[in-house]
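Visitor: Turn this into a model:
(one chain, ligands or ions: 1)
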Amino acid sequence: MEIRQLGPAADLEVEVDLTRRAFGPVTEAGRADRLADAREAAAGGRYLAAFDGPQPVAVAMFHDMRQWWHGRAVRMAGVGGVKVAPEQRGRGIGRALMTELLRVIADRGYPLSVLYPATAPLYRSLGWELGGGLYRAVIAARSLASLLPADGPAQPLQDPPGLRRAGPGDAGEVIGIIGAVHESARHCGPATYDAATVRRRWLSDENLFCYLAADGFLAYGWHEGHDEMSVRVALAGSAETTRALWSTVGSHAPLARQVRAVVGPDDPVAWLTREPDVRLVSRWSWMMRVVDAPAAIAARGFPAAAGLAVGLRIDDAQLPANAGHWTLEVSGGKGELTRAAPQVPPGAPARLGARGFAALYAGVPMATLRRAGLAAGGGPSADEALDTAFAGQAFLLDSF
Ligand SMILES: CC(C)(COP(=O)(O)OP(=O)(O)OC[C@H]1O[C@@H](n2cnc3c(N)ncnc32)[C@H](O)[C@@H]1OP(=O)(O)O)[C@@H](O)C(=O)NCCC(=O)NCCS
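Guide: Next comes the predicted model:
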């Protein structure tokens, strides 16, 4: 078996064929999306195939993304479309393909990688671990049609901001505004695509209604019919714009009965409805991998109030450059991971494998990691300092 990259000139029908066999029927629109994703990945050298003879029997790709961690963007490889032909499964092809994909991701200098697992053991064995969720809410449309006024005269709302329809030419502005919202809200987890993908997935889709404000972006449409709306993105930097975006969605009541929305777990919309009408109905877990530990720490943000210097010992069989004794220092909103001499008890460092370190990075508390068998060593004061530094309920607003 041979694993190699497919270029944009390759016959990418294999993507559709394997998708159909792995995940079920593919619509015409889904087919076009799949091929476009595969073509873009192939053009960027991000599409791998395994061959057993002349035909590919397995493929996997990654998207070139930016992921916000405490308000700072970190380059992230969003792995998707991992599939092996059914008759070839269970022979080690999936593992070989993912091992090579991880090598390519590391070679390209991505500090982080994220994926949505259909099955976790394969990814866990290569160092990915559950990190955060994609949350879906259901909201009665009438609740959005009449939002609560701002609380108290101390902070009167400004005039409603102007919203304008956004089109394919606005991709750069959309990415900039979304990034500014994630930065100012100090979000952990959300990611953005490149301009071509934003243009294709959102701004060129005539069934997705996209709006821009100076500090906000809304993308929504009808949900499989005429009595529900579906919000793909509603992000704003101010109270006025938050209200304007959700009111626009609410204007579809009563024709639309309910609104389905992809939101963060603490989305402000839940504090804007008169009754507790925003129900989080699902959480789709994603896994992350810290590919380059020092770079991942240096690139992300940390709470300005967090200050620590703790010893860590990381075990990482797949990416040995991450392994060994480190000192993690955090101060002034920045972090640094530097090589340290091995310590001995009682100052024994907290000990984490690649999976535990990925989960810690994503904000999973040390107490959880210890009970899950993903952390050992160290002690309570280091745990508390680590929890303070990495705190955050990580969420993504996109699947891939
Ligand atoms: C998941 C998939 C990619 C694995 O490929 P594969 O070639 O069968 O996997 P391998 O033979 O390399 O096995 C790798 C490990 O994953 C485990 N594994 C494979 N398929 C599994 C499944 N369906 N459920 C649970 N574990 C699975 C194997 O047990 C093995 O672990 P082990 O070495 O500890 O026994 C393949 O089964 C597939 O294409 N499935 C359908 C599509 C899909 O679910 N893709 C994943 C999207 S995130």
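Visitor: Tell me if I am right that Gly127 is in a strand.
Guide: No: Gly127 sits outside any strand when classified using DSSP: H, G, I helix; E, B strand; the rest coil, being coil.
Visitor: Please name the residues that touch the closest residue to it other than its chain neighbours.
Guide: Leaving aside its sequence neighbours, Gly127 sits nearest to Ala354 (Cβ to Cβ, 6 or more residues apart in numbering; 3.3 Å). The way it works is simple: take the backbone N, C-alpha and C, and place the C-beta from them, glycine included. Ala354 sits next to Gly127, Glu129, Arg289, Val290, Ile314, Asp315, Asp316, Ala317, Gln318, Leu319, Asn322 when contact means Cβ atoms under 8 Å, 6 or more residues apart in numbering.
Visitor: Buried ones among these?
Guide: Gly127, Glu129, Arg289, Val290, Ile314, Asp315, Asp316, Gln318, Leu319, Asn322 (16 or more other Cβ atoms under 10 Å).
Visitor: hey, what's the third one bridged with?
Guide: Read that as Arg289. For Arg289, the beta-bridge partners under DSSP bridges are Ser113.
Visitor: okay but it is in contact with Gly127, surely?
Guide: Yes: using Cβ atoms under 8 Å, Arg289 makes contact with Gly127 at a distance of 5.1 Å.
Visitor: any residues in contact with both of those two?
Guide: With Cβ under 8 Å, 6+ apart as the test, Arg289 and Gly127 both reach Leu102, Ala354, Ala358.
Visitor: After the helix or strand harbouring the last one, which helix or strand is next? Please name it.
Guide: Think Ala358. Using DSSP states H and E, Ala358 sits in helix 354-361. As assigned by DSSP H and E, the chain's next helix or strand after helix 354-361 is helix 366-371.
Visitor: What separation do you get for Ala38 and the ligand?
Guide: 15 Å (Cβ to the nearest ligand atom, to the nearest Å).
Visitor: likewise Arg72?
Guide: From Arg72 over to the ligand (counting by Cβ to the nearest ligand atom), the distance is 27 Å.
Visitor: doesn't Leu374 make contact with Arg351?
Guide: No: contact criterion Cβ under 8 Å: Arg351 and Leu374 do not qualify, at 9.9 Å.
Visitor: neighbour-wise, which of these two wins?
Guide: Between Arg351 and Leu374, counting by other Cβ atoms under 10 Å, Leu374 is the more crowded of the two (22 against 18).
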